[in-house]
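**Student:** prediction below, plus the sequence it came from.
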Number of protein chains: 4
Amino acid sequence: MTVDTPARPTLIALLHGPDQPGLVARTANWIYDRGGNILHADQHRDDEAGIFFQRIEWEPADAAQADADGFSAFVRGLGMEVSVAQSDRLPRVVLFVSKIEHCFVDLLARWKMGELPCELAGVVSNHPDLASITEFYGLPFHHVPVGREAKAEAERKQVALLRKYQADLVVMARYMQILSESFLLGCGCPVINIHHSFLPAFAGARPYHQAHSRGVKLIGATAHYATAILDDGPIIQQDVSPVNHRHSVRDLVRKGRDLEKSVLAQAVRWHLEHRVLVYGNKTVVFD
Amino acid sequence: MTVDTPARPTLIALLHGPDQPGLVARTANWIYDRGGNILHADQHRDDEAGIFFQRIEWEPADAAQADADGFSAFVRGLGMEVSVAQSDRLPRVVLFVSKIEHCFVDLLARWKMGELPCELAGVVSNHPDLASITEFYGLPFHHVPVGREAKAEAERKQVALLRKYQADLVVMARYMQILSESFLLGCGCPVINIHHSFLPAFAGARPYHQAHSRGVKLIGATAHYATAILDDGPIIQQDVSPVNHRHSVRDLVRKGRDLEKSVLAQAVRWHLEHRVLVYGNKTVVFD
Amino acid sequence: MTVDTPARPTLIALLHGPDQPGLVARTANWIYDRGGNILHADQHRDDEAGIFFQRIEWEPADAAQADADGFSAFVRGLGMEVSVAQSDRLPRVVLFVSKIEHCFVDLLARWKMGELPCELAGVVSNHPDLASITEFYGLPFHHVPVGREAKAEAERKQVALLRKYQADLVVMARYMQILSESFLLGCGCPVINIHHSFLPAFAGARPYHQAHSRGVKLIGATAHYATAILDDGPIIQQDVSPVNHRHSVRDLVRKGRDLEKSVLAQAVRWHLEHRVLVYGNKTVVFD
Amino acid sequence: MTVDTPARPTLIALLHGPDQPGLVARTANWIYDRGGNILHADQHRDDEAGIFFQRIEWEPADAAQADADGFSAFVRGLGMEVSVAQSDRLPRVVLFVSKIEHCFVDLLARWKMGELPCELAGVVSNHPDLASITEFYGLPFHHVPVGREAKAEAERKQVALLRKYQADLVVMARYMQILSESFLLGCGCPVINIHHSFLPAFAGARPYHQAHSRGVKLIGATAHYATAILDDGPIIQQDVSPVNHRHSVRDLVRKGRDLEKSVLAQAVRWHLEHRVLVYGNKTVVFD
């Protein structure tokens, strides 16, 4: 271990697979033997499933790419899956939005202040409303209308834009369309969504109305990876706020906006820092 | 308004009904005209339903019972429902328990420290395990076993005990039996239950296993009035705790115990202070 | 009581003074006798100090101004202080900023979404950096540099701007200058400040460094009215976030930004909704 | 890594010292080379101070004592400090109490439910009040009165009891006496205290009165190691609860009890699980 803010680029590996003795020592040795300097190493074991998880970050002695390839081969040889990211290659992100702006504006402001280590490649929307704020932040805006009949056509355009931008991540910042299974399978990168309820309670439409109707004393928001089964993807982050009988549905919506902003931003930042590992329908978040 | 800790007994009215102009002035005037001294007056209006709710506490000039009867008649004359409690008549509470003790021990300790303004009349359990701690606190313990066939018989005994104790409230402190509709209709007093999840998510059995399996990032607990439809009664209080991948089901159960204790105690205290008004499937909590 | 979102303008009175019997009935009667319709009435009594506090909102039968004047005279006749606001006259707010933008951008976005019932009159800054985002939101931006020698001169310019804009409120959105006692006495309106710590712990400069050095497990933020004694004004709102040994000072600053945004916005919203009553060095917040 | 609930006893080492390359690999290798099975390994680096911290837990191949001694010698040879605990040797804890019982009763109940992995050796009190509940839980109770003149004599008796019980930890469960510097230096084990405020705000006596007087919107509690400088020891855990103008000092005290219970219990559990490492005036908590 040395500095927290490395002068040199670092490598960050996320790996998981069947547990076996000596894994902590083996991965550390591989790096140490090549002159690498481990900055962080966190591991977890799912005792029921017998799976070992690790996030390990190190400064390689010289050529980062060689280390990345070599470490990946080594880990796969141990029977595990692995992805290795290089800290000086910023992930490329495309934001999907509609008309509701609070999450979008919040992400733009955080990105400008340096909170989100990524390159914002562009913005895709089914409405033109958020073009001007997008342009204020110097980003390209693509209006892709989504009609009832032309949804497949719209999704083809969206996928083409993701390919053009070489997107590493799509963030649905209150994008009010359901992405089809074929889009999710074909878009080539993970998709993070914010659901405006404490999943699995109040899945589906109008969750604040549902919450108000049930008389709950807390409302919540959930950031998750989008999957073909709506509202059922792996959960990355959740939070809640207290409510009471004095709060109307409109108050719940307002309070919910604050939750949605902070929960989505937190989930996106963890993803961009390579802290989130998905397995089955769950996540391991190395925070 | 005068003192917060009244030297003289106070009356506390909970009332609700169709809204109409002047209700705040009318109830205040009724009390003021009879020499009463209003200590607290909180009101709420459900705009969708057009219902007015009020909790009002006052020191009557002299005979409290006359005021209680007179005020009730006056309020009913305005087309509203009302209940009036007298602060120096402590509600009589019967605790239902099984083997799991954390909520039970917590309530006993709070009661002894004066946090719960009630008379603990007795303890009913389907197991003998908690007899000694009950006796340490000087309370009568009734072991009423609940067999598969003899559930109706057991409930008859339980109702008889509630009658004998003139119970004003039953608290299910992790009582691990489902009370039948006939019990709930016939027991003659409200029943508060603690559900070890954030309802409506994870209703039913083994909620911590469900939560672990879904990979949620928060677990919760819900105190509600028991109704014939399981886990669907009016919610009084809810709270949550953050969890992560490092927490096993056993950890969730342990963290859940802390939630269950504080959520149940809070709900019971509010009920005993005549702060909870039920309408439809919801509560108004004048905290 | 009638509708929550009144079609007609409402009046909102904040009053306090020595407690005496019958105050709840008297204020309600004054309004009811003039055909007014009370929408909300909340009261509080400080038992130690013997002071009665009330926030009361009503729809007057016809001319609002007559009711406002008459009610004020009536309440003063009872020996109490009172202020009455009219819901259709939006308070005029001037924002003071420096270079740090998170609170400022957050307030602008909330205002645009309708969360802050006010007219943003203008922005005053001792640096030019935030001019473009101010203009994007269509607001006038005034650059008033503050040198060491010329502070009094700068404050004179600032007060002149507040007079020109007829400001009802100044919000220091991370404005990094200390306002002098003479400014605070002469500016003619309340000033809300956000202090980036959990006051009274870590008052003064560099609170996140202080917090990191002391090894606390929670950091906080405090919104308060600015007074001549630095960091000692009446507190409106506070919140905290958990931190641990893994968090560097830079992490505390980042986490603190989220706290500062939400705490300041909450305090400003409550003030604009006439929910905050100051007495001595404390606040009563009718939320 | 293998099972979370080891069938065999495990060793848990807490170590820290000047950072140097390869530490993660070296400690892992030492264990792996001797056939040990690492269950958990967490590390942290204080970048400003250049210090490396690690908590590592493993199943040794056979004789645990040999591993404990060997590993300690190895780590000291690397220039670091280390302590190694054996999971099957429960720490021996002595509770210090006065009259206030909420923390004490809470710890007893948690211990009985298996939440606190320790042996409760005995209870020391300057008052006789809590003897009967102590005896209900089957523990020895020692009444050591503390007069003004005889404080040194009382502390000598207390130290003698700690020696007799071979205490590994003292927990001050709202023990209302200040322990002298000579006691703390001579008692031979760490002392955990609960302070009923959010330190460093409201240090010293009557913190809830101070908080009420300052008009704060959150109250807190702090568990810390007791040191010669009152209220200035390393903080282990803190938490807060929202309060408002409606809460009297008595309400703050009641709400504070809940905080004190949960914060103290959490700190004690972490200590007993060998998760807390003290350096300077701060703690690293490997939770």
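**Tutor:** Happy to help now that I have it. Model, not experiment: these values are computed from the prediction.
**Student:** quick one: mean pLDDT over stretch A:95-108.
**Tutor:** In this model, stretch A:95-108 has an average pLDDT of 98.
**Student:** can you check stretch A:230-247 too?
**Tutor:** Rounded mean pLDDT across stretch A:230-247 is 93.
**Student:** using CSV, write out every CA atom in it.
**Tutor:** This file holds the C-alpha atoms of stretch A:230-247, laid out as CSV (Å, rounded to 0.1, in the frame of the first residue of the first chain):
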residue,chain,number,x,y,z
LEU,A,230,-38.9,-5.1,-14.7
ASP,A,231,-37.9,-3.8,-11.2
ASP,A,232,-36.2,-7.0,-10.4
GLY,A,233,-32.6,-6.3,-11.3
PRO,A,234,-29.7,-6.4,-8.8
ILE,A,235,-30.1,-3.7,-6.2
ILE,A,236,-27.1,-1.3,-5.8
GLN,A,237,-28.3,1.2,-3.2
GLN,A,238,-31.5,2.1,-1.3
ASP,A,239,-32.5,4.8,1.0
VAL,A,240,-35.7,6.1,2.8
SER,A,241,-37.2,9.2,4.3
PRO,A,242,-39.9,9.4,7.0
VAL,A,243,-43.3,10.6,6.1
ASN,A,244,-46.6,11.0,8.0
HIS,A,245,-50.3,11.7,7.6
ARG,A,246,-49.6,15.4,6.9
HIS,A,247,-47.8,14.6,3.7
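**Student:** can you show me the helices along chain A?
**Tutor:** A:23-33, A:64-77, A:102-112, A:131-136, A:151-165, A:181-186, A:207-214, A:249-272 (DSSP state H).
**Student:** shouldn't residue A:256 be in contact with residue A:206?
**Tutor:** No. Judged on C-beta atoms under 8 Å, residue A:256 makes no contact with residue A:206 at a distance of 11.6 Å. Glycine gets a C-beta too; all of them are placed from N, C-alpha and C.
**Student:** neighbour count for these two, which is higher?
**Tutor:** Neighbours were counted for residue A:256 and for residue A:206 using other C-beta atoms under 10 Å in any protein chain shown; residue A:256 has more, 21 against 13.
**Student:** low-confidence ranges in chain A?
**Tutor:** Counting by pLDDT under 70, chain A has low-confidence residues at A:1-7.
**Student:** what's the domain layout of it?
**Tutor:** A:11-86, A:92-285 (automatic domain parsing).
**Student:** looking at those domains, which is closest to residue B:123?
**Tutor:** Closest to residue B:123 of the domains of chain A is domain A:92-285 (C-beta to C-beta; 27.9 Å).
**Student:** re the thing from before, turn the helices of chain A into JSON lines, including distance to residue A:199.
**Tutor:** Converted to JSON lines, those look like this (distance: least, C-beta to C-beta, whole Å):
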{"stretch": "helix A:23-33", "distance to residue A:199": "33"}
{"stretch": "helix A:64-77", "distance to residue A:199": "32"}
{"stretch": "helix A:102-112", "distance to residue A:199": "17"}
{"stretch": "helix A:131-136", "distance to residue A:199": "29"}
{"stretch": "helix A:151-165", "distance to residue A:199": "24"}
{"stretch": "helix A:181-186", "distance to residue A:199": "17"}
{"stretch": "helix A:207-214", "distance to residue A:199": "9"}
{"stretch": "helix A:249-272", "distance to residue A:199": "11"}
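**Student:** of all those, which one is nearest residue B:143?
**Tutor:** Comparing the helices of chain A under C-beta to C-beta, the one sitting nearest is helix A:207-214, at 36.7 Å.
**Student:** pull out the buried residues from that closest one.
**Tutor:** By neighbour count on 16 or more other C-beta atoms under 10 Å in any protein chain shown, the buried set for helix A:207-214 is A:207-208, A:210-212, A:214.
**Student:** swap in stretch A:71-79?
**Tutor:** Buried-residue list, stretch A:71-79, by 16+ other C-beta under 10 Å: A:71-72, A:74-75, A:78.
**Student:** who's in contact with it?
**Tutor:** With contact meaning C-beta atoms under 8 Å, 6 or more residues apart in numbering or on different chains, stretch A:71-79 is reached by A:11, A:13, A:15, A:17-18, A:20, A:23, A:26-27, A:30-31, A:81-84.
**Student:** for residue A:56, name its beta-bridge partners.
**Tutor:** residue A:13, residue A:41 (DSSP bridges).
**Student:** who's in contact with it?
**Tutor:** Contacts of residue A:56 (C-beta under 8 Å, 6+ apart): A:12-13, A:15, A:27-28, A:31, A:38, A:40-42.
**Student:** alright, calling it a day.
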